[in-house]
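Undergrad: Have a look at this fold, sequence not included:
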């Protein structure tokens, strides 16, 4: 007989929940014992029931294992923080250098601080400015074309309105002269 997959959600029935807790607790304690015996591992397991009752297993002293755990986590908590701080300091230094380079480049593009530039660098700046100018002109041309198209559409609308008003005035004049 094949068991179905158990859904991982709270068991609503109190009795079923208590029975499941007892069975799984015993199974977990058994696995902890087996792990400690078969692999010679130092194992400590602490379980509190829903009613607050303590269940524990320790392959050696529970207190010594907890103290060892506390020392281990304390040592490992400080190391990543120090590594993280060093990484952040390095990143900050890199960002400061990039900002400085960008500022120098911006000043050169504005024509400031060119006294220390070699001929090749000046030619590179000139080519970059020409490309920028070309891009600005292309965008300006595109915007002007779009505005011209909009104005042509507006002209058509106004011409049609003008023709309609002209017809209306002509009709009005014809009616007045015809009287």
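TA: Good, I have the coordinates. Being a predicted model, the structure only gives us computed values, none of them experimental. Residues are numbered from 1 along each chain as shown.

Undergrad: From the contact counts, what lies against the helix or strand containing residue 133?
TA: Following DSSP states H and E, one finds residue 133 within helix 119-177. If you count contacts as 3 or more C-beta pairs under 8 Å, 6 or more residues apart in numbering; DSSP states H and E, helix 119-177 packs onto helix 62-109. No exception for glycine: its C-beta is placed from N, CA and C like everyone else's.

Undergrad: What mean pLDDT does the helix it packs on get?
TA: Mean per-residue pLDDT for helix 62-109: 86.

Undergrad: what do you get for stretch 13-29?
TA: The average of the pLDDT scores along stretch 13-29 is 93.

Undergrad: Tell me the gap between that stretch and the middle of its chain.
TA: Distance, stretch centre to chain centre, for stretch 13-29: 42 Å (C-alpha atoms, centre = their mean, to the nearest Å).

Undergrad: Make 34 the first number, not 1, from now on.
TA: New numbering, starting at 34: the last item is stretch 46-62.

Undergrad: quick one: contacts of that stretch?
TA: Contact partners of stretch 46-62, identified using C-beta atoms under 8 Å, 6 or more residues apart in numbering, comprise 43, 44, 78, 80, 82, 83, 88, 90.

Undergrad: tell me the contacts of the second one?
TA: Okay, so that is residue 44. Residues counted as contacts of residue 44 (C-beta under 8 Å, 6+ apart) are 50, 53.

Undergrad: and stretch 126-140, which residues are buried?
TA: Residues of stretch 126-140 classed as buried: none (neighbour count, 16 or more other C-beta atoms under 10 Å).
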